[in-house]
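S.K.: coordinates only, sequence not included:
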Ligand SMILES: NC(=O)c1ccc[n+]([C@@H]2O[C@H](COP(=O)([O-])OP(=O)(O)OC[C@H]3O[C@@H](n4cnc5c(N)ncnc54)[C@H](O)[C@@H]3O)[C@@H](O)[C@H]2O)c1
């Protein structure tokens, strides 16, 4: 019998890559997703699927009891920082209560481990760069607060059941499948502005620094965390890149228009770089795809060019 994994948010951007990688490695996968942002088209056809809200205790309990996963990768979340500012109750409800429900029901049904998608947002505005896992957690958005609270609940609940957990604090993830839209990352936003022949907005005059990590590298981190000892790990490139540089990389491939340089938006952190050396020491994980390579593949994907990508 193959090993069983539940992946919440498996119809979403990162979750669907995690699903594909586990299935490719012979696991039996069940996805829980309410399709509020995820898409059925993203779902691997070999995955079992339960359309449900992660806060629906009855359905989550039945699903966990019936499927009996060995491990749960928990990625379903309210993912937008700006929505968390306008509707913090909804953010807290999904990200905190949803995580409590998943953790309680997964461990109750016998799961050995939960691997949770947390975020660099738990650190807030860092004092030192790059930020390591032991640095101060002082989130500056409701989204960051809810991710931090979810981490704390996961620790408490795993302790109660005597089981394991891994927390992966992801930096800025980009790659094929990331949705265009108001809350999308800069990579799809820039690609869209070029394909529409428009002008992109560069907030903070393009000087803000982020740590971009390719989505298939992130999926591999979930997979590697499965078989290794639990813990808290930053998952990132470890390199800071000015948003302006990302814009230029994309512009080069489109020969598009210049951007509008605008002041920073309220509440945005100026620089964020995560130190992911612990993930290398403990999980033997390190990113493999450079920003140049990842952006090229992402653009090709968006332009519908079939590429012979490999997960390894
Ligand atoms: N994209 C990034 O750069 C990034 C960075 C740090 C952390 N993360 C975390 O990674 C995870 C995946 O993010 P993503 O970028 O793939 O976003 P996404 O929106 O593509 O995926 C989230 C998925 O969760 C589902 N979902 C949302 N609310 C739900 C609910 N109440 N019940 C069931 N399903 C629900 C959505 O339908 C979607 O498929 C999230 O936990 C996010 O906070 C993402």
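M.R.: Now that the structure is in, tell me what you want to look at. On a predicted model such as this, the values are computed, not experimentally measured, just so you know.
S.K.: Just say helix, strand or coil for residue 238.
M.R.: Put simply, residue 238 is coil when judged by DSSP: H, G, I helix; E, B strand; the rest coil.
S.K.: which one is it nearest to, not counting chain neighbours?
M.R.: Closest residue in space to residue 238, ignoring its immediate chain neighbours: residue 276 at 5.1 Å, by C-beta to C-beta, 6 or more residues apart in numbering. For every residue, glycine as well, the C-beta is placed using N, CA and C.
S.K.: Isn't the one you found up against residue 286?
M.R.: Yes. Using C-beta atoms under 8 Å, residue 276 is in contact with residue 286, at 7.3 Å.
S.K.: For the chain, which residues are neighbours of the ligand?
M.R.: Residues of the chain that fall close to the ligand, judged by C-beta under 6 Å from any ligand atom: 9, 11-15, 33-38, 53-55, 75-79, 94, 98, 117, 119, 170, 172-173, 185.
S.K.: in this protein, which spans are strands?
M.R.: Using DSSP state E, the strands of the chain run over residues 4-8, 28-33, 48-51, 71-74, 113-119, 164-170, 172-174, 201-202, 209-210, 212-214, 231-235, 241-242, 260-261.
S.K.: and those as CSV, adding mean neighbour count and mean pLDDT?
M.R.: As requested, those are exported to CSV (neighbours: other C-beta atoms under 10 Å; pLDDT from 0 to 100):
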stretch, mean neighbour count, mean pLDDT
strand 4-8, 27, 98
strand 28-33, 25, 98
strand 48-51, 16, 98
strand 71-74, 27, 98
strand 113-119, 26, 98
strand 164-170, 23, 98
strand 172-174, 22, 97
strand 201-202, 18, 90
strand 209-210, 21, 96
strand 212-214, 26, 98
strand 231-235, 24, 98
strand 241-242, 17, 98
strand 260-261, 13, 91
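S.K.: Of those strands, which is nearest residue 193?
M.R.: Nearest to residue 193 among those is strand 201-202 (8.2 Å), distances taken as C-beta to C-beta.
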